[in-house]
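Undergrad: Below is the sequence, then the predicted model.
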Amino acid sequence: MRPAKGTYVVDTRTARPGEVMGHVGPCVQLRPPAGGVEWDGPPGVLREASPQERLSAGTARANARSRGEICR
């Protein structure tokens, strides 16, 4: 799986949702929706986020932005 930058996926090792920030080699760089430390996800452990998971991630991001925790 090589998801597009800006999309949401779920790391099945931890059930954590992440926004795709980029790709380096075979790995996908992910960031928590509300901001934080990025991590690498091997393509074999990622799955597309469901509509409910995307909505939840977007809400977490909007809440963090309203608190001034992330800038974009």
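TA: Received the coordinates, thanks.
Undergrad: so the spatially most central residue of the chain is in which element?
TA: For the chain, the residue sitting closest to the mean C-alpha position, by CA atoms, centre = their mean, is G18 at 1.5 Å. Using DSSP states H and E, G18 sits in strand 16-24.
Undergrad: how many degrees apart are the next helix or strand after that strand and strand 16-24 in direction?
TA: Remark: after strand 16-24, the chain's next helix or strand is strand 27-31, criterion DSSP H and E. With axes from the mean of the first three to the mean of the last three CA atoms, to 10 degrees applied, the angle from strand 27-31 to strand 16-24 works out at 130 degrees.
Undergrad: Now do strand 27-31: everything it contacts.
TA: 1-3, 9, 11, 16, 18-23, 37-43, 46 (CB atoms under 8 Å, 6 or more residues apart in numbering). From N, CA and C alone the C-beta is placed, and that goes for glycine too.
Undergrad: go with 10 Å
TA: 1-3, 5, 7-11, 16-23, 37-43, 45-46, 61, 70 (CB atoms under 10 Å, 6 or more residues apart in numbering).
Undergrad: Could you do stretch 35-55 as well?
TA: Taking CB under 10 Å, 6+ apart as the rule, stretch 35-55 contacts 1-3, 7-33, 56-57, 60-61, 64-65, 69-72.
Undergrad: go on, stretch 65-72?
TA: Contacts of stretch 65-72 (CB under 10 Å, 6+ apart): 31-36, 61-64.
Undergrad: Mind doing that once more with 8 Å?
TA: Taking CB under 8 Å, 6+ apart as the rule, stretch 65-72 contacts 34-35, 61, 64.
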